[in-house]
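Student: I would like the atomic coordinates for the input below:
(chains A and B)
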Amino acid sequence: MKRRIRVTRLLLWLSFFAFVAPGFAGQAGTPQANEEARGFKIFNDRVQEYFKLQKDLKASLPALKPTMDAAQAAVNPDAALVQEFQKRVAEYVKIHKSAGATLEPLRSTVSQEKIRHHQHELREAILAQRAGAVQGNIFTPEIGAEFRRLIGIAYQTEDQHIRESLKRSEPVKLRFRVNQEYPDDKPLQSMPSSLLLNLPQLPPELEYRLVGRDLVLRDVGANLIVDFLRRACPR
Amino acid sequence: MTPTAKIRRWVFPTLLALVALGHGALRSVPSLQPSLGLANLAVFQAGMQQPPAGLPLRANAVRFAIIGDSGTGDSFQSEVAQQMVEARVTFPFEFVVMLGDNIYGGHSTQDFSLKFERPYKVLLDAGVKFYASLGNHDDPAERFYKPFNMGGQRYYAYSKGNVQFIVLDSNYMDPTQLNWLEKELQGAASPWKIVYFHHPLYSDGRFHGPDTDLRTHIEPVFEKYGVNVVLSGHDHIYERIKPQHGIYYFVLGNSGELRYHNLKVSSEMGAGFDEDRCFMVTEIAGDELYFRTISRAGQTVDSGVIPRVAKAAGAASWPTVRAGHGGLPGRTVAKAIGVGLSRAPTATE
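Tutor: Have a look, this model is predicted:
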């Protein structure tokens, strides 16, 4: 029994020295430790160089984009998916515009009620035209895959900045569905610029928003969730 | 050995191990590190009965107030608003700059009344204009709310005297807005260029901190076109950052909300205040920008003068704020107290 107690106590002290004491002790400073540290530094420097090279290569990619001619774009499957997305967005914008045409245009007003009323009327008019809309009408599985790829590219080059930006933008948790009004009392999570620069541009009627890792396509004027893509951002 | 004696022998090493482990855990979590606190903050008891010292009240100057993260609708917001009214008696600012989160929570008519119209009624009735930017808690439809003077735009620009104000929507910095910003700055002929938006590019607030992604995209544009001052909110503290790439950054996100003792000291910090709500009054006269940050209790927590230097001059080292009153203890407090109490704006940071 005594031996067991002694062994257990020894183990406890060993774990204490293994996990806690190094924090207090600071740098070890022995020649062997210094040698190891130097070796690690060289390895670390080389890894950093590799990442820098990779980053430089990626940074040069946007400069190459404009040189891609229309014929190339037409046969590029990624470009074709982006075109398909833009076609579907344009179809939605047609609905938005026709719904808006039935309403008085919204101008600056002192009455918040008027602003809300206009938002509500526009939403109702849009919903009347796309009552049967479901998730995937715009973000089809193929387009969704392309968006995940584009977002992945942005993460590869600006991973740390994007993650920090998202962390600091007060991420929201929200249950939502297509054709639902974005909740009035929930903040809109800000979009990292690096993501927006990597995604296809949207007309002013629509915007991208993130809700956790999901990408939402939101009608700005109607405050309406038009479509969404689950798990658009990597973990 | 009895079981009780065995337990007794275990008590000391177990407690010691627990304490050590707890200490290690505390050291590894930055948010649990003890706050530097600002309890020692020396505040200049100027009160608002006298004209705020350090603000020259020159003719043809541009005078304005700044608030950020104000729209809570609680008594704290009203008390800050009351201080603004009192400050305006001796420092007649013409308009108010809003750094976002103008309306927290719901956005009904009642919310606008409670969180904006009622607290600032005296100022609104006196014809003071508010120029808002959008925060993450704001509904982008606020751009149509006339008292916010956004003209139906998420981002916009206006000029007052010799100052060009550029208001951005940092929630959604897409290529369209970036192009607009560049064109706007390119065409801005005013000697002073002030940009404001919600998310700070630099901040020592522990809760949010700087938006480095946004910084990567817009700071080079600011630098290229000689932006003088950048104002932001989002972190519920007050902080003046030392000039970065020749640009003066302020974070003021505590005109309604407050994150008590949320500041951490860094080498970038010029002054900070995280013990109460506050607002700022500013006067731009010629080539000098005078500022004074006033707490909910009417105390001056920071003040100073920023000289304007044309970017074309290509100054290698940018002039620093001649501090009238610094806010943070520790490395800067001694200087701040000395300068604050003597009111001699000679110290540099």
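Student: quick one: the residue nearest to B:P191 when sequence neighbours are not counted and B:I247, what's the gap?
Tutor: Nearest non-adjacent residue to B:P191, counting by C-beta to C-beta, 6 or more residues apart in numbering or on different chains: B:N162, 5.2 Å away. Yep, even glycine has a C-beta here, placed from its N, CA and C like the rest. The gap separating B:N162 from B:I247 is 18 Å, by C-beta to C-beta, to the nearest Å.
Student: got it, and B:K129?
Tutor: For B:K129 relative to B:I247 (C-beta to C-beta), the value is 26 Å.
Student: Of the two, which one has the most company?
Tutor: Counting neighbours by other C-beta atoms under 10 Å in any protein chain shown for B:K129 and for B:I247 shows that B:I247 has the greater number, 20 against 16.
Student: what sits opposite the more buried one in the beta ladder?
Tutor: In this entry, B:I247 is beta-bridged to B:Q244, by DSSP bridges.
Student: do A:M191 as well
Tutor: In beta-bridge terms (that is, DSSP bridges), A:M191 pairs with B:Y172.
Student: What is the neighbour count of it?
Tutor: There are 24 residues near A:M191, going by other C-beta under 10 Å.
Student: One more: the one 5 residues further on?
Tutor: A count of nearby residues for A:L196, using other C-beta under 10 Å, gives 21.
Student: Could you list the buried residues of stretch B:149-162?
Tutor: Neighbour counts over stretch B:149-162 (16 or more other C-beta atoms under 10 Å in any protein chain shown) mark B:149-150, B:154-157, B:160, B:162 as buried.
Student: now do the same end-to-end measure for it.
Tutor: 20 Å (C-alpha to C-alpha, to the nearest Å).
Student: Same check on stretch B:130-150?
Tutor: Its start and end residues considered, stretch B:130-150 measures 9 Å (C-alpha to C-alpha).
Student: show me the contacts for residue 199.
Tutor: Reading this off chain A. Going by C-beta atoms under 8 Å, 6 or more residues apart in numbering or on different chains, A:L199 touches A:147, A:150-151, A:208.
Student: Oops, wrong one, chain B.
Tutor: A:168-169, A:190, B:136, B:170-171, B:208, B:211, B:214, B:232, B:234.
Student: With A:L229 instead?
Tutor: By C-beta under 8 Å, 6+ apart, the neighbours of A:L229 are A:139, A:144, A:147-148, A:214-215.
Student: Kindly report the same for A:E164.
Tutor: Contacts of A:E164 by C-beta under 8 Å, 6+ apart are B:209, B:211-213.
Student: Show me the strands in chain A, by range?
Tutor: Per DSSP state E, chain A carries strands over the ranges A:206-211, A:214-219, A:224-229.
Student: Including distance to B:D274, could these go into JSON lines?
Tutor: Putting these into JSON lines (distance: least, C-beta to C-beta, whole Å) gives the following:
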{"stretch": "strand A:206-211", "distance to B:D274": "29"}
{"stretch": "strand A:214-219", "distance to B:D274": "34"}
{"stretch": "strand A:224-229", "distance to B:D274": "37"}
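Student: will you turn those into TSV that also has distance to B:G270 and mean pLDDT?
Tutor: Output for the strands of chain A, formatted as TSV (distance: least, C-beta to C-beta, whole Å; pLDDT from 0 to 100):
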stretch	distance to B:G270	mean pLDDT
strand A:206-211	33	94
strand A:214-219	38	95
strand A:224-229	43	96
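Student: looking at those, which is buried most?
Tutor: Of these, the one with the most neighbours on average (mean count of other C-beta atoms under 10 Å in any protein chain shown) is strand A:224-229, at a mean of 23.
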